[in-house]
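Engineer: sequence and predicted structure are below.
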Amino acid sequence: RRRTIQIRYNEDNGIVPRTIIKEVHDIGQQLQGAKKEGLKRLKSVLDPKEVPLMIMELEEKMRQAALELEFEQAARIRDQIKELKKLWKK
């Protein structure tokens, strides 16, 4: 039923359905170089006592981004959290 209505609407309005073509980005490649350099600088500046609070704030931002369906942003934040945890365990 819906399909019939959609087809009729498209014909009445001269719309030709087309597949969405969108470039897929590899989040890992985007963050590779800048992420490592930034985290090294961050380690030299931050007090180790502040890191758990910072991670908690980032986790909240990640959840909020996911709720807003901003999955790429949530994934970037997730990667930042992983790097922070890895960096401070060393």
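Structural biologist: Happy to help now that I have it.

Engineer: could you list the low-pLDDT ranges of this structure?
Structural biologist: Confidence mapping of the chain against pLDDT under 70 gives the ranges 24-45, 88, 90.

Engineer: just the helices from the chain, written as ranges.
Structural biologist: Taking DSSP state H, the helices of the chain run over residues 2-13, 27-45, 51-67, 71-89.

Engineer: now those helices as CSV including mean neighbour count and distance to residue 20?
Structural biologist: The C-beta positions use only the backbone N, C-alpha and C, and glycine is treated the same way. Below are the helices of the chain laid out as CSV (neighbours: other Cβ atoms under 10 Å; distance: least, Cβ to Cβ, whole Å):
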stretch, mean neighbour count, distance to residue 20
helix 2-13, 9, 16
helix 27-45, 12, 20
helix 51-67, 14, 22
helix 71-89, 15, 16
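
Engineer: mind putting the ones you listed in CSV, distance to residue 19 included?
Structural biologist: Below are the helices of the chain laid out as CSV (distance: least, Cβ to Cβ, whole Å):
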stretch, distance to residue 19
helix 2-13, 14
helix 27-45, 23
helix 51-67, 26
helix 71-89, 21
